[in-house]
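*Asks:* Give me a 3D structure for the following:
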Amino acid sequence: METMELHRGRLIDHIQLVVADLAASRKFYGAIFDVLGIPIGGEAAEHFWFDELFVSSVGSKESLGELTGRHHLAFQAADHAMVDAFYRAGLGGGGRDNGAPGKRSYHPGYYAAFLLDPDGNNIEAVHHGAAKRSAGSVVINF
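*Replies:* The predicted structure is shown next:
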């Protein structure tokens, strides 16, 4: 049997999305991250962030006046129930369906749901099935 090794949390330092309607995005991301167990890192009039995801308005100094366009972001879920809750919360938070929760053929055990955020970004929650993590998260101290 072939062994598959997945690495998470070591490639991306942070991602910035520049959005057209910051309040709509704050509502959507607040809803999905609440069920995924990710607290808000902070917010101000022109931006907010959750862990590695930084979201700013098109008028913010960080955006240079340009929307970022369409992206696909996949967030880790602890189990199938969390994927299901992500989907319901995202719909309730202003997201649109882009693939109801269910098994996918990407690899055995892949269970995911897809939503479009208010700017049309494809946002996914995925549970990869039974797996053992070497660490819960990467901790960086300065």
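*Asks:* Confirm Arg70 sits in a helix?
*Replies:* No. Going by DSSP: H, G, I helix; E, B strand; the rest coil, the assignment for Arg70 is coil, not a helix.
*Asks:* Surely it and Asp117 touch.
*Replies:* No. The pair Arg70 / Asp117 is not scored as a contact, 9.8 Å apart, by CB atoms under 8 Å. Bear in mind the C-beta positions are built from the backbone N, C-alpha and C, glycine included.
*Asks:* which one of the two has more residues nearby?
*Replies:* Legend: neighbour count by other CB atoms under 10 Å for Arg70 and Asp117, higher for Asp117 (25 against 11).
*Asks:* quick one: buried residues of the helix ranked longest in the chain?
*Replies:* Under DSSP state H, the helix in the chain containing the largest number of residues is helix 22-36. Buried residues in helix 22-36, counting neighbours by 16 or more other CB atoms under 10 Å, are found at Leu22, Ala24, Ser25, Arg26, Phe28, Tyr29, Ala31, Ile32, Phe33, Asp34, Val35, Leu36.
*Asks:* Next, format those as CSV and append distance to Ser57.
*Replies:* Output for the buried residues of helix 22-36, formatted as CSV (distance: CB to CB, whole Å):
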residue, distance to Ser57
Leu22, 4
Ala24, 11
Ser25, 9
Arg26, 10
Phe28, 14
Tyr29, 13
Ala31, 19
Ile32, 19
Phe33, 18
Asp34, 21
Val35, 25
Leu36, 23
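*Asks:* quick check, nearest of those residues to Gly99?
*Replies:* Ile32 (14.4 Å; CB to CB).
*Asks:* what's near enough to touch the closest one?
*Replies:* Phe75, Phe86, Ala89, Gly90, Gly93, Gly95, Leu115, Ile123, Ala125 (CB atoms under 8 Å, 6 or more residues apart in numbering).
*Asks:* In this structure the fifth one contacts Gly30, no?
*Replies:* Put plainly, it is Gly93. Yes. Using CB under 8 Å, Gly93 is in contact with Gly30, at 6.8 Å.
*Asks:* coming back round to it: ok, of the buried residues of helix 22-36, which one's closest to Ile15?
*Replies:* Distances from Ile15 to those, taken by CB to CB, are shortest for Tyr29, at 12.0 Å.
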